[in-house]
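A.B. asks: 3D, please:
(5 chains, ligands or ions: 5)
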Amino acid sequence: SAEKVLKIGGMAPLTGPSAKTGQEIKQSAEMAFEEAGNMIGDYKVELVWIDSQSDPAKATNAYAEAVERKGIQVGLLNWHSSVAIAVMDLAAKYKIPHLFGIGGSSVINEKYRSDMDKYNGYWLKSWPVPQKTMTGYVEFLEDAIASGKFKPHSKKVVIFAEDTDWGRDIFAGAKKMFGDAGWEIVAEDFLAQNQTEFYPLLTKWKKLEPALVFGSYGMPVGITSLIKQSREVGLKVPMICDGLGWAGEWYSLAGSASDYTLDMIQKLATDKAKAWAANYEKKYGDKPSPSSGGLAYDSAKLFIKVAKRALEKTGKLDSESLRQVVLDELLTGKITYSEDEGAITVSRFSYNEQSLPDPAVGVDDWYLPIIQYKSGKGRIVYPKAWAEAEFHVIQ
Amino acid sequence: MTQLTQDNSTGFSGILGKICLSPMGLAGLAILFLLPLVPPFNQDYMIRWLISGAIVAAAAVAFDFSAGYLGIVNFGYAAFIGLGAYTSAIISNKIGISPFITIFAGALVSAGLGVLTGIVSLRLRGMFAICFTWFIGIALMGLCLKLDWLTRGPLGLQCDGFFEGNSSLPYYYLILAIMIFTYLVLGLMIRSDYGLAFRAIGQNMEAAMTSGVHPTKYRVINFTMSCFFAGLIGGFYGHYYGILTPELLHTQKTVEVLVIAYIGGRSSLWGGIVAAFPFIFAMELLRSSLSDLPGINLIIYGVFLIAIMVYYPGGVAQFFKNLTARKQRSTSSTAQKAKTAEAGV
Amino acid sequence: MNILETKGVTKRFGGLVAVNDVSLHVEAGEILGLIGPNGAGKTTFQNTVAGLDPPTSGEVYFLGNKVTGFSPQVMCSLGLSRTFQIPRPFPKLTVLENVLVSTVFGNTEPVADKVKHARDKLDFVEFPLGHNVLCETLNTVQLKRLDLARALASSPKLCLLDELASGLSEVELEDIIAIIRKIRDTGVTILMVEHIMQVIMNLCDRLAVISFGNKIAEGPTGEVTKNPKVIEAYLGVEED
Amino acid sequence: MNDSSSAKVIEWLKSAGGITVTCTILVAIAVSFHKGPYVLVNTLVTGGMWALMAIGVSLLFGVMNISNFAHGEYFMIGSLTAYYIMNPLKQYLLETPNDFLSFITPILGIAGAAIVGAIAGIVTDKTIFAQLRKRNREGWLLNCFLITIGIQIILINVHMLVFGNTFKGVVNYWDVPSVAFGDVYVSVDRVVVFGIAMAAIVLFWYLMMYTSLGKKIRAVAQDENGARMVGIQVNGVYSTTFALACGFAALAGGSLLFMFPSYPTVGVAPLYNSWFIIILVGFGNVAGAVPGGFMIALFQVVTRTYMGEGWENVIPMFLIAMILIFKPYGIFATKVRSVWEQ
Amino acid sequence: MKNLNAGYGFLKVLWDVSIQIDRGEFVALVGPNGAGKSTTLKTISGLLPPQSGKITFDGQVINNQDCALNCRNGLSYISEELNLFTGMTVLENLEMGAQLLDDKNKMEENLQFVFELFPRLEERVGQYAGTLSGGERKMLAIARGLMSNPILVLVDEPSLGLAPQVTEEVFNALKVLNKKGVTILLVEQNVTKTLKFSSRAYILEKGEVVLEGPSSELITNDHVKQIYLGT
Ligand SMILES: Nc1ncnc2c1ncn2[C@@H]1O[C@H](COP(=O)(O)OP(=O)(O)OP(=O)(O)O)[C@@H](O)[C@H]1O
Ligand SMILES: Nc1ncnc2c1ncn2[C@@H]1O[C@H](COP(=O)(O)OP(=O)(O)OP(=O)(O)O)[C@@H](O)[C@H]1O
Ligand SMILES: CC(C)C[C@H](N)C(=O)O
Ligand SMILES: [Mg+2]
Ligand SMILES: [Mg+2]
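C.D. replies: Ligands and ions are numbered 1, 2, ... in the order given. Okay, the predicted model is just below:
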């Protein structure tokens, strides 16, 4: 009797500019499956890695090959939105459900929503578009001002973002958000991905005398350089540096200059989460990032849950049965995956009609706390219910 | 038009020769036509690889048209491809006309930039000319990122496909047609007086000028043609993959084409085509079978590239040339001494 | 008729005046020899005329028209061609193709069979090798022959020759003299720079001598070579 | 100043190089008045670093006719070395503080980087380019160019496989407050690195102009056979050149570790910048690399200041292209050109 | 210098050429264009590795020795292509020629000697070699070759492109050098003159030595007369 095998195509940028992220995604997902003994029921799990090479064209070639030659039955994970856009069509064409791509940007949602029938059940994200999640920042600021902890001398804010699809999205969100809250945006800058020299920019900002600097910048070198140099040029204002914590080694690059900067990131707060991080570090030698690594780990766990359910329900595991369960139970909110069950990054993954293809956003669902760093440790300062420390305004 | 290589062969191969094809080349093309119909190549992913191969092959031909003959490596070549791709995508998105028409618009815009580049870079030689085109490429890519109201910047621009349906096969025949069209047009130009002028300018500008060749004219013509096809290929690229990002204009992409063109053999045009398909297949297979150690395929690629350049810089074209030369040598057993003697008189 | 006439041509390189106020004329159908010590400015003068390096001041008239500062390809199409002191062929083209370039692009008169025209020119200069040899393998002397054929292929009216005969042995000199004569007999005017007196004495109708950029003498060959100024500046005490 | 030297100065001011340099200075001053002196300080500090990189590229191209696309990877080797020297030392210092050791740690790292880079250069020359020299010289420029692309791909991916994808960097060299120039603050690290760059450049210039090694290198650059004919052993000179060029790149990499943590593709940006510079000033122009570095830095600072981030690739590229149209061999090109022009 | 076969790549140019030169001799090598004279010199100098055969210099086999080492041992080659350092000044070129000499005074002496030989160069000491006229370059190349106090000088067509007056001077200078004890191997097109100045000569045709002997005899040889002197 032939062994029952489920072939999963894990997609990540394993080479090229984002290889670091890709590697973390790969390793975290592998960890999750290993913990399950590489088995789902009586099915043996075989992970086939698809290197997206950060290039939509190359990614589609590799994807088609993985489907046809290596026979993957389901796709998992992803990082770049541009890759997602190109691969979505393939997933639909080959009728392969592709689940939990991490790439967050809104273009995926646009494409998905443009032809729901075609893509439904064939593409699912595990990171919602930033516009939905970021409102926390303004709530937090209003709260800090109201409680008198933060006394800005003016309502001037500087906004920056990385010049990527993600950055564009978050920038659009931030602009609206701050505008609505009555802030004056005095500078808007998109930063190149490989940039390390910010003296001109920072000096320019300094002269504008903002009360707050807000930005999102996922490139570890860029964001840490920005923070370090902001201290060097003497820009002493509260800084929200969304994305600082995405790379595990950020503190070894930014050092004490990162004290008091704020970030919004998967909390990795529970014991389970901490154990996972420790495990990861033991196994692979470097600190995992909660966003790429943690989310990939959670996504894989959630997938295992979905697959188990599919096996239970239909007695077999293949593209079709998985898709059925996804449509019938995951997207209707019957299957969720929460902190109690072991989710380490957010409170709960749950999907519904309105959120698609994103997970639902909310404090009890997919929600990122705001944390403030001190000596390399992040402490949650918002929402209040989770807070571990008081917000400290840099002087 | 002067037929330089007047083969005394008549009949079928003579006719073929007139359109720059040898019997072997024709056989190769026939194979390319039939390949996607026979297993294992009829699988869709194989066809996708064939398409990638054909894209690079066509680009390498058009690239070699400048680099191999005029001696100017257009290091911003990917940007010209990208310009065509974006133009075609934007027009077809905004106005909604068929991509079959807009890719020519894209090609024309690329050609237009080619004209400008040709005129403006006229006084530049060697590395300076190369870097000039490179800078144009970098600037274009920067523009593509910054003009996001037009190109959607890093968010990526989605484009419609040429054909309805899921099969890649029609796309394959389309790009094959583009590739052959590129080769024939450029090949005929090289065969004509134009080719002579290009080579003369490429080898010694001053001597070419004193021989009466008008460098501006021919350099511009060359750039225009090469960039026109770059744009055409770009248009195909966009409408095939469905998404364009500024990364398409990146130097890295030029390097991919350049490598194929050089492994194919400079100033051969067809060398790029012969090199592209096996090379793409080998690279994809390497990548997929060594996926446990991502990057090792690229190391092999690098080593291979260096080895070729050190030990066999003539590339595929040289290989074939040597083959035919050996054949000739074995038939005509002229003593070497006689040869030297002739040379010595 | 003067096919070429220069008026006060001066060429400066930075502080150095390489050609200083040189006025001379070339009559149609003659062979004018331009001689002078090394570094006198002969090559530079030819460059200014052929358009490779426009003169700093002064005027050049070709066929009665002012052509000062015209580009080389225009001069070529007007009917002026030249050879180089250090030949500069197209190394990766064959001998035949080298000549074809100039046949195809330099010619104003239509040529029926270009390949034949080119081959004729190569035969005309008695090119010693096959026509399908790549130029990079030729030696200097062969290159000069080729260069000459190339210059002729554009059907020039005036041909500037720069040290065409240097590097030839005595016997070979006889050959080249014969060839140049043949060229003149086809109606091409020649302005030649040469150091080998054997060639000059045999060929030139008239001579112009420049030294340190200045023209010091011009006139029929026999006269000029007896000019004491010329002897002092250039010829030295002749022995042979 | 006597007559002839003032005439020379005027002559130089009228040349393209002079005009551009003057314009650059004027623009720098004008912008500094408008936007504040930080423009000037920034220009100087970053320009020096790029000049250091550019010299290596220029040297390799000038002497060996190799347009090194892998130059950034020697920068990467430098930063990697510096990291693996500095990081253990810093760890050790955390446990046993020692003022002197913590003072010289960065210097050790930077010196180590330069040495390892130079060795890597020699190895590259001996294993690859010496072979190519022996085999054939035809199409040398483009063969070499493709080879360097191969080297680049190999080095990046070997780094990735062996050392991983992490960012290996240090927070700073010396943990001291920034120095102030007026109201502009610059970190001590940067000031020191600027000093290192300038010292290296001066040293190099002296080496090229006044020592016999320099003369030999120049001779080989201009005519290899000629050099052999006067008794210069060219293979040695080539290896030395490679060592110097790669050593400089690695020196830059080591010096800039605080700004560019080592990771596989860290060399790309420095590579691009150095190419911009040498194209702007013309090849083989060591002295020109310094003002060139400043000019590129100024272009970038000014476009960032007035146009915003991201335009620094568009506008300066356009400007350099324009300048090239008028000065096709770079702004400092003289009438004399030898191998550089091929 | 013995039994030499040499050529470029596939092409063989020299066929068993044997030449022997004793110390202090003035030997000429003549032959028609493309006979392989320059190739011979190139091979001896070490620029071109021989395909087979043996080259000895001062009793030492120098077959595959680099040109630079030969130069150190006192062999100086003045090539047809000149190989000047075009981006250096005339003076720098000359200094490079003497870079193997340790003694600064000796260099000064040599400089004096070549400037005497070619006063034109002295006028142009500060000019870049790349901008010299054809003849000036030739002079510079010869001068540079003489700067290193060589024992053996290989000269390839010294008179090429030189004004008649200067040609004469160059030949005289070679004669003077020879008198001083320097061995000379001269390649030249002007057969009459060459044979007049040299003591012994070889005649090379199509890569083979066809005749050799004292110059004075060769000049009256029928073959030579017919082929080279056209009489
Ligand atoms: N580009 C240049 N820059 C500076 N000086 C130059 C340049 N070109 C030529 N010269 C100088 O101009 C003078 C004239 O040179 P030209 O080549 O015309 O001499 P020529 O008469 O042809 O000599 P020859 O018989 O030796 O070839 C020479 O002294 C030379 O050094
Ligand atoms: N680099 C080269 N590659 C191939 N063949 C060459 C090369 N150089 C010279 N030859 C060939 O070698 C043969 C001998 O050339 P060589 O230069 O030695 O002749 P030569 O006797 O010096 O002639 P000349 O009197 O013209 O200087 C010629 O047929 C020439 O075509
Ligand atoms: C944080 C990540 C979700 C951002 C990712 N680079 C994207 O494409 O959207
Ligand atoms: Mg001359
Ligand atoms: Mg010779």
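A.B. asks: Am I right that B:Gly212 is in a helix?
C.D. replies: No - looking at B:Gly212 with DSSP: H, G, I helix; E, B strand; the rest coil, it is coil, so not inside a helix.
A.B. asks: Which residues are in contact with it?
C.D. replies: C:Gln73, C:Cys76, C:Ser77, C:Ser102, C:Phe105, C:Gly106, C:Asn107, C:Ser154 (CB atoms under 8 Å, 6 or more residues apart in numbering or on different chains). From N, CA and C alone the C-beta is placed, and that goes for glycine too.
A.B. asks: Up against chain E, what does chain C have?
C.D. replies: Residues of chain C found near chain E (CB under 8 Å from any CB of the partner chain) are C:13, C:16, C:36-41, C:43-44, C:85-86, C:137, C:139-142, C:163, C:166-172, C:174, C:195-197, C:234-236, C:238-240.
A.B. asks: So among the residues you listed, which ones count as buried?
C.D. replies: Buried by 16 or more other CB atoms under 10 Å in any protein chain shown: C:36-41, C:43-44, C:85-86, C:139-142, C:163, C:166-170, C:172, C:195-197, C:234-236, out of the residues of chain C next to chain E.
A.B. asks: Filter those residues down to just the ones in helices.
C.D. replies: C:Thr43, C:Thr44, C:Thr140, C:Val141, C:Gln142, C:Glu170, C:Glu172, C:Met197 (DSSP state H).
A.B. asks: what's the closest of the contacts of B:Gly212 to ligand 5?
C.D. replies: Checking the contacts of B:Gly212 against ligand 5 by CB to the ion gives C:Ser102 as the nearest, at 26.2 Å.
A.B. asks: Run the contact check for the host helix or strand of B:Leu232 versus chain D.
C.D. replies: Per DSSP states H and E, B:Leu232 falls inside helix B:215-241. No - Helix B:215-241 lies out of reach of chain D by CB under 8 Å from any CB, never closer than 13.2 Å.
A.B. asks: and that helix, which residues are buried?
C.D. replies: Residues B:215, B:218-241 are the ones in helix B:215-241 that count as buried (16+ other CB under 10 Å).
A.B. asks: same thing with stretch A:153-168?
C.D. replies: Buried residues in stretch A:153-168, counted by 16+ other CB under 10 Å: A:155-168.
A.B. asks: Restricting to C-alpha, output it in PDB.
C.D. replies: Extracted C-alpha coordinates of stretch A:153-168, given in PDB (Å, rounded to 0.1, in the frame of the first residue of the first chain):
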ATOM      1  CA  HIS A 153       4.700  71.300  21.600                       C
ATOM      2  CA  SER A 154       2.800  71.200  18.400                       C
ATOM      3  CA  LYS A 155       0.900  68.700  16.300                       C
ATOM      4  CA  LYS A 156       3.500  68.500  13.600                       C
ATOM      5  CA  VAL A 157       4.400  65.000  12.400                       C
ATOM      6  CA  VAL A 158       6.900  63.700  10.000                       C
ATOM      7  CA  ILE A 159       6.000  60.600   8.100                       C
ATOM      8  CA  PHE A 160       8.300  58.300   6.300                       C
ATOM      9  CA  ALA A 161       8.000  54.800   4.800                       C
ATOM     10  CA  GLU A 162      10.000  52.400   2.800                       C
ATOM     11  CA  ASP A 163       9.500  52.600  -0.900                       C
ATOM     12  CA  THR A 164       7.800  49.300  -1.400                       C
ATOM     13  CA  ASP A 165       4.300  48.200  -1.800                       C
ATOM     14  CA  TRP A 166       4.000  47.800   1.900                       C
ATOM     15  CA  GLY A 167       5.500  51.200   2.600                       C
ATOM     16  CA  ARG A 168       3.100  52.800   0.100                       C
END
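A.B. asks: Briefly note if that stretch comes near ligand 3.
C.D. replies: Yes - shown here: stretch A:153-168 in contact with ligand 3 (CB under 6 Å from any ligand atom) through A:Thr164, A:Asp165, A:Trp166.
A.B. asks: on that earlier part again, so which of the buried residues of stretch A:153-168 are in helices?
C.D. replies: A:Asp165, A:Trp166, A:Gly167, A:Arg168.
A.B. asks: Save the contacts of B:Gly212 as TSV, and put in distance to ligand 5 too.
C.D. replies: Shown next, in TSV, are the contacts of B:Gly212 (distance: CB to the ion, whole Å):
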residue	distance to ligand 5
C:Gln73	32
C:Cys76	30
C:Ser77	35
C:Ser102	26
C:Phe105	32
C:Gly106	30
C:Asn107	33
C:Ser154	29
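A.B. asks: can you list the domain ranges for chain C.
C.D. replies: Taking automatic domain parsing as the criterion, chain C consists of the domains C:1-79+C:156-240, C:85-155.
A.B. asks: quick one, helices of the chain?
C.D. replies: Picking chain A for this. Ranges of helices within chain A are A:19-35, A:56-68, A:81-94, A:106-114, A:116-119, A:130-133, A:135-146, A:165-180, A:199-208, A:220-232, A:250-254, A:271-284, A:295-314, A:319-325, based on DSSP H.
A.B. asks: not what I meant, chain C
C.D. replies: Assigned by DSSP H, chain C shows helices spanning C:42-50, C:72-78, C:95-106, C:114-124, C:140-153, C:170-185, C:197-203, C:221-226, C:228-230.
A.B. asks: and whichever residue of chain D sits closest to ligand 2, which of the three is it?
C.D. replies: Residue of chain D nearest ligand 2, by CB to the nearest ligand atom: D:Arg137 (10.7 Å). Judged by three-state DSSP, the three-state class of D:Arg137 is coil.
A.B. asks: Look up the pLDDT of it for me, please.
C.D. replies: D:Arg137 is assigned 77 on the pLDDT scale.
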